[in-house]
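> take a look and give me a structure for this.
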Amino acid sequence: MKLLLASKSPRRRQLLSELGYPVEFITLNVDEHVPAGTPAADTAEILACRKAAACPVDVIGDDDILVAADTVVVLGEKVLGKPANRDEAMDMLHALAGNRHTVYTGVCMRTSHQSLSFTEKTDVFFRRLDDKELAYYVDNYHPYDKAGAYGIQEWIGMIGISRIEGCYYNVMGLPVARVYEAIQLLTQKK
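Okay, the predicted model is just below:
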C-alpha cells in the first residue's frame, strides 16, 4: 500500500512517511477560494475535500489511499493564510502574540471505492512576543509558506507558545493519529 499525498507540503510528506508507508506526491490544480460567509471552522475540510475530488479515480490504485489536507489558522473569526511578504508575516505574528488562536486541519482520504473526511481542532496559546523576537523569527525562518506565518516546530514555537490544547501534529499540518486511524478503517473495509 502507498499513500498519495495531494499536497506540496514537505512537512505532511515527512509526517506520513514516519508512519511507515511509502508516500508519493500528487500535483493537483484546485481553486482554493471559499465563498464569503463560510464558517472558519469548515474552511479546511472544504478545501481538503475539493483537493481529493480533483484527483481522477484512475490515479488511485487498488491498494492506494489518497490523502488531501488543508490547514487554516483562525484568530477570532479571521482566517490567516500564508503571508505574501515580511510585512504581512509581521502583522500576523503581532496579532497572534499574547493571544489564543485555533488551528483547523481538514483531511479527506479516498480509496478507489470509498472516502472519508474530518476536521481536527487545536487551540494554540502564544505568550507576548516583542518586535525583536518577531523580526528575528521572520528574518531567519522566512515563514511565507505557512498559514499564520509560523511553524510550531521552529524557533518561535519553542520560545513563543506557552501551551496547546489538542494535537501538536495538527498544528504542523496533519493530525497524524487521526490519519492513522482512518487508514486502518479504510483498509479494513476492503
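> and for the closest residue to residue 167 other than its chain neighbours, the neighbour number?
For residue 167, the nearest residue in space outside its immediate sequence neighbours is residue 175; the separation is 4.8 Å by C-beta to C-beta, 6 or more residues apart in numbering. Yep, even glycine has a C-beta here, placed from its N, CA and C like the rest. Summarising burial for residue 175: neighbours were counted as other C-beta atoms under 10 Å, giving 28.
> pretty sure residue 175 sits against residue 106.
No. Residue 175 sits out of contact with residue 106 when judged by C-beta atoms under 8 Å, with a separation of 9.8 Å.
> residue contacts, the residue nearest to residue 167?
Contacts were defined as C-beta atoms under 8 Å, 6 or more residues apart in numbering; by that measure residue 175 touches 105, 107, 120, 167, 169.
> report pLDDT for it.
At residue 175, the pLDDT value in this model is 98.
> doesn't residue 143 lie inside a helix?
No. Secondary structure of residue 143 (DSSP: H, G, I helix; E, B strand; the rest coil): coil, not part of a helix.
> and it, how far is that from residue 167?
20 Å (C-beta to C-beta, to the nearest Å).
> over to residue 95?
Residue 95 sits 23 Å away from residue 167 when distances are taken as C-beta to C-beta.
> ditto for residue 117
When C-beta to C-beta is applied, the distance between residue 117 and residue 167 equals 17 Å.
> then residue 67?
The separation that residue 67 has from residue 167, given C-beta to C-beta, amounts to 16 Å.
> okay, the two: which has more neighbours?
Neighbours were counted for residue 67 and for residue 167 using other C-beta under 10 Å; residue 67 has more, 27 against 18.
> surely the more buried one meets residue 9?
No. The pair residue 67 / residue 9 is not scored as a contact, 10.8 Å apart, by C-beta under 8 Å.
> in the protein, which spans are strands?
Assignment of strands within the chain using DSSP state E yields the ranges 2-6, 23-25, 64-75, 78-80, 100-110, 115-126, 161-165.
> if we can go back for a sec, which among the contacts of residue 175 end up buried?
Burial by neighbour count, judged by 16 or more other C-beta atoms under 10 Å, picks out 105, 107, 120, 167, 169 from the contacts of residue 175.
> could you single out the nearest of those to residue 25?
Nearest to residue 25 out of the buried ones among the contacts of residue 175 is residue 107 (C-beta to C-beta; 16.3 Å).
> ok, what's across the strand from that closest one?
Beta-bridge pairing of residue 107, defined through DSSP bridges, involves residue 69, residue 118.
> for residue 55, see how far away the residue nearest to residue 168 when sequence neighbours are not counted is.
Nearest residue to residue 168, sequence neighbours excluded (C-beta to C-beta, 6+ apart): residue 152, at 6.8 Å. Note on residue 152: its distance to residue 55, by C-beta to C-beta, is 28 Å.
> and residue 28, by the same measure?
6 Å.
> intersection of neighbour lists for those two?
Taking C-beta under 8 Å, 6+ apart as the contact criterion, the common neighbours of residue 28 and residue 55 are residue 6.
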